[in-house]
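Student: structure for the following, please:
(2 chains)
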Amino acid sequence: MDKQNEKIETETNKLDKSVSYKAKIVRRFLRHKIGMFGAVILIIIYLSAIFGGFIAPYNMLQKNEEYTYAPPTKIHFIDQEGNFSLRPFVYKLEKGRDPVTFAVEYQVNREVKYPIHFLVRGEKYKLLGLFETDLHLFGLEEGADSKLFLMGTDRFGRDLFARTLIGGRVSLSVGLFGILLSFLIGIIMGGISGYYGGWIDNLIQRFIELLRSFPRIPIWLALSMILPPEWSSVKIYFGIVTVLSFIGWTGIARVVRGQFLSYRDKDFVDAARALGASDRSIMFRHILPNTMSYLIVAATLSFPGMILAESSMSFLGLGIKEPMTSWGLLLKQAQQMSVLKSSPWILAPGIFIIVTVLAFNFVGDAMRDAIDPFAVD
Amino acid sequence: MMNYILRRFLYMIPLMILISILSFTVIKLQPGEFGSQYFSNPRVSPETVENLRARLGLDQPTYMQYLTWVKGIVTEGDFGYSFAYKRPVAELIWERMGWTVVVAGSTILFTWVLAIPIGIFSATHKYSIFDYVFTFIGFIGISVPNFFMALLLMYLVLSMGGTEVGGLFSQQYIGAPWSIAKVIDLLKHIWIPLIAIGTAGMAGILRQMRGNLLDILGEQYVQTARAKGLNENVVIYKHAVRNAINPLISMFGMQLPKLISGTIISAIVLNLPTMGPFFYDALINQDQYLVMTFLMFSAFMMLIGNLIADLLLALVDPRIRLD
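Tutor: Here you go, the predicted model:
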């Protein structure tokens, strides 16, 4: 009986408004140009992180002692004699020393050129972490006596382009997992708080107040020091996710509580209660779906904060640990002023942070506009 | 009013107790005992170790360690002992306060003096080129991590031939008595932290100011003011801005605590003599009392900031009554 009623209720819900409301939201979002632009950028960034091993010409862990701090390789279409070739090529990169200071210098040998090919065989990697393969989207032919470093290399001569793409996996997924965990805790705590009210509401709210009275960065740093240094990088990764969610859930809980407070005396909730639905089912099957649009917007808007937090922690060496890497960890080497001055390309991962955060802000703004019930179409 | 402030302070007492328990727990959970790095140093004599351990209650169970610490704070204002500096923690934090407030204060000045007029102008000239440019800058500003901004500025200065980046003074002026040349030197250095730390805040204030003012300018009372023939400047500055600025006033109260703790990372990059790098070093060196005190202190600043925000808002907005 219960189930049937619920079913009817959801069915009618679907027929009446939620479909049209949802369709309206989607339509409004699709019309938001900047929001769509952000969404496309995000899709590209996520795909390039997922397929990073394939897109990058080299394995991110491969060290090249002969190419430490090599500058980004220039790609040419027109050679010395002015001949245009549709197939881009690179000149051979040669290492030399400055005659006066003996500092390592890279020179381009314009005599030797290597064409860039698509779908070449190269260093081994695991596609999606499952299939071992050595096929790369582009690169120099096997046996070429030079390398193609789109973004230069780091201290160990590792390809920064590959490291940035793969590092993106950590930077982008820490936010995702962090938000999932924050939401799980936030929905339960905020739901209980708003639905039951009374002393338990008071208790949870005071607890949230306590957690929120700590400024974020200091408490994040202090919490990340709890993670034992001997942990593997995977464990540390999940540790960081937990640290970020430790404070992150409080914001969500507040939104959820407000929503639950406004819904708990609505007729449909009374109806469900009269039909004998349990508290749990009222909270999570009747009320929660109504708050979904707000929650999705809140989630999108809290992504940038998570990404910035992870990169800040890793940047200080309190976050992700080698051999894993993330955008923040890649920027860590820029802390040495001499390196920053001589090899500015190591700042490139920062551009990825900015673009990602910017795109999330665009999408979040567009979503907020789209769910605005007072908006005029 | 006094009543309200008093009540807020009373309410802070239990909150501060909980904050101190939480700070203590977070530090206690970190691997390594209190002062273990310091005590294992062979140059520290066994007597010193014994004395210190006894004084800090480190030979007793955990809850006694906490109580000893709190007792010291309440009865003598003693926040504990810094193992790295071999001095009481409170003194050390006070020493860093000066420059922290100078850097944070000038950043606040810089951001607000620029952001408010730009926000107003952007809103009154909606969809002009100026507005687009600053909306774009606003978006970029909130998306660039401020440590990255610091790195970029440092690189720019280095690549233009500058040698002295980071810090607030050139080598020869550190510790030198105040003089005109020293002030000029300070001005030469402080613009990097100002921009690096201030940009994000400025972008946020600018966006908020523009958004609020746009909302207000669409209200009917603004229309009325215009209809009765008021000068456009009066309409905007006396009627609209006056109301649009309220939400920002409550933001203003939180500026100082936010800047003290929010700029730790860029302050490390820029090598500033402020609280941020100091806290980070203490964290890495496991100087536990210093870390706990800093956590407590920054949380306390947040509470005070909140209170100031509420008071300021009540002062400027007659619709809000405390009590």
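
Student: and residue 318, what are its phi and psi?
Tutor: You didn't pick a chain, so chain A it is. phi -110, psi 10 (degrees, to the nearest 10).

Student: hm, I was asking about chain B
Tutor: According to degrees, to the nearest 10, B:Pro318 has phi -70, psi -10.

Student: setting aside sequence neighbours, what's the nearest residue to B:Thr107?
Tutor: Computed as CB to CB, 6 or more residues apart in numbering or on different chains, the closest residue to B:Thr107 that is not its neighbour in sequence is B:Gly198, at 4.7 Å. Quick note: C-beta positions are derived from backbone N, CA and C, even for glycine.

Student: before we move on, what SS does the residue in the stretch 51-200 of chain A positioned nearest to chain B have?
Tutor: The stretch 51-200 of chain A approaches chain B most closely through A:Ser171 (11.4 Å), counting by CB to the nearest CB. Following DSSP: H, G, I helix; E, B strand; the rest coil, A:Ser171 is assigned to helix.

Student: and it, how far is that from A:Trp345?
Tutor: Remark: distance between A:Ser171 and A:Trp345 (CB to CB, to the nearest Å) = 18 Å.

Student: comparing these two, which residue is more hemmed in?
Tutor: A:Ser171 (28 against 19; other CB atoms under 10 Å in any protein chain shown).

Student: so that one touches A:Gly350, yeah?
Tutor: No - between A:Ser171 and A:Gly350 there is no contact under CB atoms under 8 Å: 11.2 Å.

Student: did I read that right, the residue nearest to B:Thr107 in a helix?
Tutor: Yes - when three-state DSSP is applied, B:Gly198 is found to be in a helix.

Student: okay, and the common contacts of A:Ser171 and A:Gly350?
Tutor: Shared contacts of A:Ser171 and A:Gly350, defined by CB atoms under 8 Å, 6 or more residues apart in numbering or on different chains, are found at A:Trp327.

Student: where in the stretch 151-300 of chain A is pLDDT low?
Tutor: Filtered on pLDDT under 70, the stretch 151-300 of chain A yields no residues whatsoever.

Student: what residues does it put near chain B?
Tutor: A:209-210, A:213-219, A:221-223, A:225-226, A:228-229 (CB under 8 Å from any CB of the partner chain).

Student: now, which of those residues sits nearest chain B?
Tutor: Nearest member of those to chain B, counting by CB to the nearest CB, is A:Pro215, at 3.5 Å.

Student: count the residues that sit near the closest residue to that closest one other than its chain neighbours.
Tutor: In space, and not counting its chain neighbours, A:Pro215 is closest to B:Ser261: 3.5 Å by CB to CB, 6+ apart. Burial of B:Ser261 is recorded as 25 neighbouring residues (other CB under 10 Å).

Student: got the contact list for B:Ser261?
Tutor: By CB under 8 Å, 6+ apart, the residues touching B:Ser261 are A:Pro215, A:Arg216, A:Ile217, A:Pro218, B:Gly276, B:Ser298, B:Met301.

Student: what about 6 Å?
Tutor: Residues near B:Ser261 by CB atoms under 6 Å, 6 or more residues apart in numbering or on different chains: A:Pro215, A:Ile217, A:Pro218, B:Ser298.

Student: and those, which two are furthest apart?
Tutor: Maximum pairwise distance in the contacts of B:Ser261, criterion CB to CB, is 9.1 Å, between A:Ile217 and B:Ser298.

Student: drop anything exposed from the residues of the stretch 151-300 of chain A next to chain B.
Tutor: Buried positions within these, assessed by neighbour count (16 or more other CB atoms under 10 Å in any protein chain shown), are A:210, A:213-219, A:221-223, A:225-226.

Student: Provide the secondary structure category for the residue nearest to A:Pro215.
Tutor: B:Ser261 ends up helix, using three-state DSSP.

Student: coming back round to it: how many neighbours does the residue nearest to B:Thr107 have?
Tutor: 26.

Student: and it, what pLDDT?
Tutor: B:Gly198 carries a pLDDT value of 88.

Student: could you list the contact residues of chain B toward chain A?
Tutor: Applying CB under 6 Å from any CB of the partner chain, we find that chain B lies next to chain A at B:18, B:26, B:29-31, B:143-145, B:148, B:151, B:155, B:158, B:261-262, B:264-265, B:283, B:295, B:298-299, B:302-303.

Student: would you state the strands of the chain in chain order?
Tutor: You didn't pick a chain, so chain A it is. Taking DSSP state E as the test, the strands found in chain A are A:76-78, A:84-97, A:104-127, A:131-140.

Student: to clarify, I was referring to chain B.
Tutor: B:81-82, B:87-88.

Student: what does the last one contact?
Tutor: Just to be clear, that refers to strand B:87-88. By CB under 6 Å, 6+ apart, strand B:87-88 touches no other residue.

Student: next one: the first one
Tutor: The set of residues that contact strand B:81-82 without belonging to it, under CB under 6 Å, 6+ apart, is B:Val89, B:Leu92, B:Asp287, B:Tyr289, B:Leu290.

Student: what of stretch A:80-98?
Tutor: A:73, A:75-78, A:105-110, A:112-116, A:146, A:148.

Student: of these, select the buried ones using a ChimeraX command.
Tutor: In ChimeraX, this line selects whichever of those come out buried by 16+ other CB under 10 Å:
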select /A:73,76,108,113,114,116,146,148
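
Student: the contacts of stretch A:80-98: which ones sit near chain B?
Tutor: Among these, proximity to chain B is found for none (CB under 6 Å from any CB).

Student: pretty sure A:Ala359 contacts A:Phe37?
Tutor: No - with contacts counted by CB atoms under 6 Å, A:Ala359 stays clear of A:Phe37, the gap being 7.9 Å.

Student: list the contacts for B:Asp131?
Tutor: Shown in contact with B:Asp131 (CB under 6 Å, 6+ apart): B:Ser122, B:His125.

Student: look up how far B:Phe294 lies from it.
Tutor: To B:Phe294, B:Asp131 is 41 Å away according to CB to CB.

Student: and for A:Leu42?
Tutor: A:Leu42 sits at a distance of 37 Å from B:Phe294 (criterion: CB to CB).

Student: neighbour count: these two, which is higher?
Tutor: Neighbours were counted for A:Leu42 and for B:Phe294 using other CB under 10 Å; B:Phe294 has more, 29 against 19.

Student: so who does the more buried one touch?
Tutor: The contact partners of B:Phe294, by CB under 6 Å, 6+ apart, come to B:Phe279.

Student: now a ChimeraX select for only the buried ones of the residues of chain B next to chain A.
Tutor: In ChimeraX, this line selects whichever of the residues of chain B next to chain A come out buried by 16+ other CB under 10 Å:
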select /B:18,26,30,143,144,145,148,151,155,158,261,262,264,265,283,295,298,299,302,303
